[in-house]
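Asker: this one's structure only:
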DNA sequence: GGCCCTTGGTTGTAGAGTGCAACCAGCGCA
DNA sequence: TGCGCTGGTTGCACTCTACAACCAAGGGCC
């Protein structure tokens, strides 16, 4: 209500969103690596998705995260060599491999999740619940919009 | 187990913020590269900073963006070879080089800025001015909090 | 002045992450 | 049976990055 809707308001906000998201993106990888060297940002994300979904195919991961299938193949290979992921050949279709976190994978995932949650929690400690909820909703909305690209 | 972060939506929101920011970060580089192959995300950011600041030292760029000085050195080298940045030796201290965008650098920066703004603008087209403003404010607040890490 | 420490910057090296293209292996349909 | 499609791997090339070793120029301090 008290928000003035001048034409310049939109542009300034868009500009700012752009700058801040970019700034965040630039730092995310390094921060993640510093925090838990044993599981890169990408590995964490993939493993996390496997955990949430209760397993899926490499192709699904590629589609979900807009990665090349070769990249996924290598990442999964690394996770497997590290003993964090196991593959099951689908009995109905011998082309597909169902990927699942191993117990060790689930364990380390839980640890990293805790430490990530703590870090994010600290950063967001003095935010009100309402602000957190709104911020989350905005991010979801934004990502939903970019998923089509 | 029996509690889905009921005590507060806080945890759920923090989790979501975490996930969405991570998801964004993972895509940012690729998206930027696809949009303007001539200027990577990092190069764009560095050049942009030089433009805003009216020039600065390589060390300043490294500090600002939490990059190793060798990385900055190489990035700046590439920008210079591309004719987008020029160096001037500081007359007061012959160790330092003041970096400045060339006219060509300013030109391409302007173009990329326009195309970035258009892309972000499209994604955010159906957002109300109030939502944009709030989203921008949240992002600024978040980044401000992480800058201390 | 001469020595030493600090600061700004470059280069050598190594490794992660990535995409593209070529390839192989099952599947399904005509 | 043959052909095209789908899931996945591998070879290759490239970028981004950090760390370490290095060089060059200040700035104190004796």
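Answerer: Received the coordinates, thanks. Source: prediction; values computed, not measured.
Asker: so what's the one residue in chain A that gets nearest to DNA strand C closest to, chain neighbours aside?
Answerer: Minimum separation of chain A from DNA strand C (CB to the nearest atom of the strand) falls at residue A:40, amounting to 2.7 Å. Yep, even glycine has a C-beta here, placed from its N, CA and C like the rest. Nearest residue to residue A:40, sequence neighbours excluded (CB to CB, 6 or more residues apart in numbering or on different chains): residue A:33, at 6.3 Å.
Asker: returning to what we had before: what values do phi and psi take at the residue of chain A closest to DNA strand C?
Answerer: The phi/psi pair for residue A:40 (degrees, to the nearest 10) reads phi -70, psi 170.
Asker: measure it to chain B for me?
Answerer: In this view, residue A:40 and chain B are 11 Å apart by CB to the nearest CB, to the nearest Å.
Asker: burial measure for that residue, as a count.
Answerer: By other CB atoms under 10 Å in any protein chain shown, the residues close to residue A:40 number 15.
Asker: One more: residue A:100?
Answerer: 17.
Asker: likewise the one 4 residues further on?
Answerer: Neighbour count of residue A:104, defined by other CB under 10 Å: 13.
Asker: quick one: it is in a strand?
Answerer: No: assessed with DSSP: H, G, I helix; E, B strand; the rest coil, residue A:104 is helix; it does not lie in a strand.
Asker: Is the closest residue in space to it that isn't next to it in sequence part of a helix or strand, or is it coil?
Answerer: Of all residues not flanking residue A:104 in the chain, residue A:83 sits nearest, at 5.3 Å (CB to CB, 6+ apart). Per three-state DSSP, the local secondary structure of residue A:83 is coil.
Asker: residues in contact with residue A:83?
Answerer: For residue A:83, the contacting residues are A:102, A:104, A:105, by CB atoms under 8 Å, 6 or more residues apart in numbering or on different chains.
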